[in-house]
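A.B. asks: got a sequence here, can you model it:
(chains A, B and C)
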Amino acid sequence: MGEASKPAANAAGADADAGASIHAIAAEIFPLCRSITGDGVRETLRRLGRHIPLDVVEVESGSPACDWTVPDEWTIRAAYIENAAGERIVDFRANPLHVMSYSVAVDEVMPLAELKRHIFTLPEQPDLIPYRTSYYEPRWGFCMAHRQLETLPDGLYRAVIDADLAPGHLTYGECYLPGETSDEVLLSAHICHPGMANDNCSGLALLTFLAKKLAGERRRYSYRFLFAPGTIGALTWLARNGAAVSRIRHGLVLSCVGDGGGPYYKRSRRGNAAIDRAMDHVLRLNSAAPEIVDFFPYGYDERQFCSPGFDLPVGLFQRSRYASFPEYHTSADAMNFITPGHLAESYGMVREALLVIENDRVYRNLFPKGEPQLGRRGLYDALGGDPKGAEKNIAMLWVLNLSDGEHSLLDIAERAKMPFATIFATATLLERHKLIAPVA
Amino acid sequence: MGEASKPAANAAGADADAGASIHAIAAEIFPLCRSITGDGVRETLRRLGRHIPLDVVEVESGSPACDWTVPDEWTIRAAYIENAAGERIVDFRANPLHVMSYSVAVDEVMPLAELKRHIFTLPEQPDLIPYRTSYYEPRWGFCMAHRQLETLPDGLYRAVIDADLAPGHLTYGECYLPGETSDEVLLSAHICHPGMANDNCSGLALLTFLAKKLAGERRRYSYRFLFAPGTIGALTWLARNGAAVSRIRHGLVLSCVGDGGGPYYKRSRRGNAAIDRAMDHVLRLNSAAPEIVDFFPYGYDERQFCSPGFDLPVGLFQRSRYASFPEYHTSADAMNFITPGHLAESYGMVREALLVIENDRVYRNLFPKGEPQLGRRGLYDALGGDPKGAEKNIAMLWVLNLSDGEHSLLDIAERAKMPFATIFATATLLERHKLIAPVA
Amino acid sequence: MGEASKPAANAAGADADAGASIHAIAAEIFPLCRSITGDGVRETLRRLGRHIPLDVVEVESGSPACDWTVPDEWTIRAAYIENAAGERIVDFRANPLHVMSYSVAVDEVMPLAELKRHIFTLPEQPDLIPYRTSYYEPRWGFCMAHRQLETLPDGLYRAVIDADLAPGHLTYGECYLPGETSDEVLLSAHICHPGMANDNCSGLALLTFLAKKLAGERRRYSYRFLFAPGTIGALTWLARNGAAVSRIRHGLVLSCVGDGGGPYYKRSRRGNAAIDRAMDHVLRLNSAAPEIVDFFPYGYDERQFCSPGFDLPVGLFQRSRYASFPEYHTSADAMNFITPGHLAESYGMVREALLVIENDRVYRNLFPKGEPQLGRRGLYDALGGDPKGAEKNIAMLWVLNLSDGEHSLLDIAERAKMPFATIFATATLLERHKLIAPVA
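C.D. replies: Purely as a prediction, here's the structure:
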């Protein structure tokens, strides 16, 4: 984020502690062993719930979730490999990535060759532990650094995973902030990834901080923050919340918002929803080269929100696009990969987009025939003939000219190539002088 | 204007004297001390009225003008600064730019330091006199070359402005040329700038010459030429001429059409009005890189014509865009800054655009099934097999193929990438051969 | 055609002999002296009729053909120039290009200077014989290499053209392959050019081979192959086949499809017909830089099919655009200018476009709320967390997401930037698993 970042910086400036606060929340939940079900999710929600009013919802295994079914709950108590000397060479307590998520229980001694069939490494990134899951096929596995695997001498090893996969619950959290209208803004972050900072402690922490801030502000919209496991959590929530779904007017999925890449925005399936236009505007203000792409049907839970039966106006905001950075889905996605500065920038951009969403509206010029005389009202530099003089008044002229009952403030900002915040402030000034009035 | 200027050159060729004639008219009105009211405007209109039938309209101070009010009239009789020796170091009789327009009367002796608070210069263009106004705030001031100001010794100076600001009139001129229909083309140039050649003696002179020429031609449209002071003059005219306003089908504001820049066209607020398409077509024919921009709500009187309550199809034609050239609003915008050649080019482009406006229409192919046999009618090279042979007939094929009751001649010219004049001539030929007929 | 040519190669792969077979058909008809009427056309149709069921239609001279009239038939028996020694210096039996098509009879002895008024050469391509015609003006002429002309000594020469221009017939051929519906695909190639391989033995041969192949396949559409003389043949066919014309849903004109240029596609007059979109898709898959242009009203018989009274969805497919290659309309357009490889590529692209035309349709996702669980149905890699894993399933996700009753398979292929064949195969798989169903 370079010179053009002023508006975001300003917006975030009102929350000078934003970056540090978000980073601290992320750090707190980082080490937990989350999966699509289980106590890791519960503990994460418990900690986020210290900051905001959070409803924790438990949905029984076997419950329908659109075309899917809530799976059995996975409880992991221990996962390690011992060598012949009884030394634990990997242990999920050191890093939750060491155990493949949803591994079934095992306690077997086997030769290295056989053990290797259950071990995942990244030969091209030999120092990193990969992230692997097997939610819907009963298997077990360990993940470790390739360099460590190569050092293991032949011999017998004991693989121990003390886990249950049994009827239980899927857990998700919701924070609902009622606004002046019951129309909703949905803000969602997946909560199922263990031990990775950018993916997605960053998203969970940013939204938690945002909810805390918004709770203290006037809100035209009602806001719903959703922290649910990826795919199955979103499907479960969608299946159970038809009324809320029907009230969603705008939405964002957040993931990987703590690194220095991007900014990246993936439009909703509709492509021209208000949130798409707002994010486009904000990202272009904040970056010389934002990456803004059309919807595609893989990625995060925008897949579900934007399935054809829902087709919600929900986009995805990231810094680096998922799977595009070497730390992605590895142990290198640690707390030092995300920074308070980048988190503050991401927070600022989301706030700016919400400023648009909350305040974009259509006005009507009450003196539409010719320009109203701004000078008489103290709104205009009275000394003509100076080419610089006019520039200060350009925002007023744009709002007056395009406030014809057709163009919204965002339309005007885009047309004038000015920040929405400037156009919004100008409209507020002109409304105060009774030169424009909002269209009912 | 390079190689591609043939059509304009041809159009202007019919008026071989165009450039010289326009330049002479500009030269005649150049030295007058115009402002938004006063005798300078009256004298300018009197001289233009020698060439064309011009109605001079006087509107009383205090009259409503949309949201504005016609101001008091400014009468300037003398304006000079004397040094202690009684020498006039600046005098508005040498250059009307020396007095800030609408200066109130003054006759005071004061030290240089105090005098300087009333003097405007251009430190970065130290040899030029700037142009300054203060229409709506009672002040007085002089404009002079910065280099001259720097040579002034300390001491006492006498500042004399013999001026009245008192109830009187605002004056504008109209030339109306009735056509076959009462639908109007509005052609407007501001008349308020003193002692500057490009801005806007060039526009006033070009339109005067054009009116003189059009007066002797068959006209489908009625034409209204408006020479009014900027902003307040346009507002006054708009407020008093509702019936004429309602008949405007096309329009152009002209300013700074005598220098070698551009060509530049600023579209009407509608963006796709017929005049916008015609000017786009003509400028692209006449220049490899015309500057054609969307409407924006500052500039000349297109601001008023395109205010949302009028939203007239009126664009702005210039050579160099205002405020984009160093001579702008200075004494360097003198007669040697504009040339007969550039004025002739500008005139040619306006004429070509009016050729489009006058003649663009939709035809219907009377033999739409397959191509009609042009050879039988003597319209086609009878020797086939020659790849060059076909090219001569391409215009006929385009007109026949697209004359389906949907596409106008300009549509066809654009699609065929051919000059409108060629397509128009071709359509005339095909109509004579009863192959196409105009759609009623 | 480079790396991206796989789909075409595959499609053509099913017809491994395509290139060789098409080349052989072209070679067989190459030497014949075709014109817009006469035995050269009849003999060409007789030979093509050995491969496919071909109706040969004879239309009497004087018959109406839209705005035209079927001309007299031209019968050419001999055409040569003898020098004073009685040596034949040019003879149309050596190359049918030597006689200007539709030459009237002559048998005269004349000095070289007079003879030259009847001789066409290409001074800039001095070794090549040009192609010339004079269908609608009674003239006679010879075409020869400029270099040969320059060697002719002064003296007397005898010019002999033994030809009749008399009431007879215009001949064209049609091959109709009925399909599941009576909606038709029109595939047309002009048959009037003598002794040139690319223009248009290549088009005639490719379509003949294609008709032979399609005859043995299931066809949703009925196919009509038209081999008619340029312009007058198309007009004659259009005038006499109103019912067939009204059933045409898609069409292609083929010409010059055997050289290594292009691929080139000229859209139908409609510009966005299904065939336009299909050809655009296929050419972009098969070439990094296809030339795809909007309709223009000169070229081949798309001129007639796309005249405003018919406005059929018929485009033009070529390799090198006509008149763009030095061999065009000369004796250098010989059999060695076209290759089996290029013919096979062209054939593959046409087949791929027909694959789209035959199979493009709209489906509806039967599980539109969220993604259906593909893993449960054995359609999805069950091991998550691997960024590569998802890619294999992307086609399924695209089809599911966009099968909303609005988007066709081609829409989806374009949006997903995947070959139509991939999307079509994916849709077939998903339909088999009852996840999507075609919209009636």
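A.B. asks: rest of the way, CA atoms for contacts and neighbours
C.D. replies: OK.
A.B. asks: I figured A:Leu207 hits A:Leu187, correct?
C.D. replies: Yes - shown here, A:Leu207 and A:Leu187 form a contact pair, counting by C-alpha atoms under 8 Å, at 7.3 Å.
A.B. asks: between those two, which contacts overlap?
C.D. replies: Common contact partners of A:Leu207 and A:Leu187 (C-alpha atoms under 8 Å, 6 or more residues apart in numbering or on different chains): A:Phe225.
A.B. asks: close to chain C: what parts of chain A are there?
C.D. replies: With C-alpha under 8 Å from any C-alpha of the partner chain as the criterion, chain A meets chain C at residues A:66-68, A:131-137, A:235, A:296-298, A:303-310, A:323, A:329.
A.B. asks: now intersect those residues with the helices, please.
C.D. replies: A:235, A:303-305 (DSSP state H).
A.B. asks: what is the nearest of those to B:Phe92?
C.D. replies: Nearest to B:Phe92 among these is A:Phe305, at 72.6 Å by C-alpha to C-alpha.
A.B. asks: that closest one: what's it in contact with?
C.D. replies: Neighbour list for A:Phe305: A:234, A:238, A:311-312, A:314, C:370 [criterion: C-alpha under 8 Å, 6+ apart].
A.B. asks: if we use 7 Å, what do you get?
C.D. replies: Contacts of A:Phe305 were listed using C-alpha atoms under 7 Å, 6 or more residues apart in numbering or on different chains, and they are A:311-312, A:314, C:370.
A.B. asks: related to what we said a few turns ago, give me the buried entries from the residues of chain A next to chain C.
C.D. replies: In the residues of chain A next to chain C, burial by neighbour count holds for A:66-68, A:131-135, A:235, A:296-298, A:303-310, A:329, counting by 16 or more other C-alpha atoms under 10 Å in any protein chain shown.
A.B. asks: from these, which land in strands?
C.D. replies: A:Trp68 (DSSP state E).
A.B. asks: how many other residues sit next to the closest residue to A:Asn393 other than its chain neighbours?
C.D. replies: Nearest residue to A:Asn393 in three dimensions, chain neighbours excluded: A:Tyr380, at 6.8 Å (C-alpha to C-alpha, 6 or more residues apart in numbering or on different chains). Using other C-alpha atoms under 10 Å in any protein chain shown, A:Tyr380 has 16 other residues around it.
A.B. asks: same question, A:Ala113
C.D. replies: A:Ala113: 12 surrounding residues under other C-alpha under 10 Å.
A.B. asks: A:Arg46 now?
C.D. replies: 16.
A.B. asks: for A:Ala395, same thing?
C.D. replies: 23.
A.B. asks: would you map the helices across the stretch 101-250 of chain A?
C.D. replies: Using DSSP state H, counting those that start in this stretch, the helices of the stretch 101-250 of chain A run over residues A:112-115, A:146-151, A:203-214, A:232-240, A:242-247.
A.B. asks: how about the nearest residue to the closest residue to chain B within the stretch 101-250 of chain A, chain neighbours excluded?
C.D. replies: Nearest residue of the stretch 101-250 of chain A to chain B, counting by C-alpha to the nearest C-alpha: A:Arg220, 29.2 Å away. Closest residue to A:Arg220 apart from its sequence neighbours, by C-alpha to C-alpha, 6+ apart: A:Glu180 at 4.8 Å.
A.B. asks: please apply the same query to A:Pro111.
C.D. replies: The shortest distance from A:Pro111 to any non-neighbouring residue, by C-alpha to C-alpha, 6+ apart, is to A:Leu156 (4.3 Å).
A.B. asks: does the one you found touch A:Glu108 like I think?
C.D. replies: No - the criterion here is C-alpha atoms under 7 Å, and A:Leu156 misses it with A:Glu108 at 9.9 Å.
A.B. asks: ok, these two, which is more surrounded?
C.D. replies: Using other C-alpha under 10 Å, the more surrounded residue of A:Leu156 and A:Glu108 is A:Leu156, with 18 against 14.
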